[in-house]
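# here are the coordinates; sequence isn't available:
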């Protein structure tokens, strides 16, 4: 006899509240998540390629985890919610590839100020 998550599957456990899977999420983890997101947001606002790359890595992890949630889906909600996260995360990842390329690309000679 094992421990069952609140809603019968891991997705329900993640949505249910302070218990994610079999691990209780304390306020320290929540606060650290908020701090990391604020640091990444500030870095992306300043157009830091490292911050964009780290956010893209986080998106890739989220898409992979929701793909695993999709494997064990037992009802229509268990299928729709992961598909929304996978689709949204994949679309945002695709758009950030272009942004990262533009951040890292040097300015073209036509846009550079003329030095005389």
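Looks like it arrived, so ask away. Please read these numbers as outputs of a predicted model, since none were measured by experiment.

# what is the one helix or strand residue 33 maps to packed up against?
Assigned by DSSP states H and E, residue 33 belongs to helix 27-45. Counting by 3 or more Cβ pairs under 8 Å, 6 or more residues apart in numbering; DSSP states H and E, the packing neighbours recorded for helix 27-45 are helix 49-71. Where you see a C-beta, it was placed from the backbone N, CA and C, and this is true even at glycine.

# run the angle between the longest helix anywhere in the chain and helix 49-71 for me.
Counting by DSSP state H, the longest helix found in the chain is helix 76-104. Interaxial angle of helix 76-104 relative to helix 49-71 (axes from the mean of the first three to the mean of the last three Cα atoms, to 10 degrees): 160 degrees.

# who touches the helix holding residue 33?
Applying Cβ atoms under 8 Å, 6 or more residues apart in numbering, the contact partners of helix 27-45 are 50, 51, 52, 54, 55, 58.

# then stretch 86-98?
52, 55, 56, 59, 60, 62, 63, 66, 67, 70.

# what average pLDDT does it get?
For stretch 86-98, the mean per-residue pLDDT is 95.

# for the chain, which spans come out with low pLDDT?
Along the chain, segments meeting pLDDT under 70 span 1-25, 111-116.

# one more time with 80, if that's ok
In the predicted model, the chain carries pLDDT under 80 at residues 1-27, 29, 106-116.

# from the centroid of it, which residue is nearest?
What sits nearest the mean C-alpha location of the chain, by Cα atoms, centre = their mean, is residue 59, with 3.2 Å.

# follow-up on the earlier one: in the longest helix of the chain, which residues are buried?
78, 81, 82, 85, 86, 89, 93, 96, 103 (16 or more other Cβ atoms under 10 Å).

# by how many degrees do it and helix 27-45 diverge?
40 degrees.

# gap between helix 76-104 and the chain center?
Relative to the centre of its chain, helix 76-104 is centred 8 Å away, using Cα atoms, centre = their mean, to the nearest Å.

# what about residue 67, how many neighbours?
Number of residues near residue 67 (other Cβ atoms under 10 Å) recorded here: 14.

# touching, it and residue 79? I think so.
No. The pair residue 67 and residue 79 does not pass the contact test of Cβ atoms under 8 Å, sitting 12.0 Å apart.
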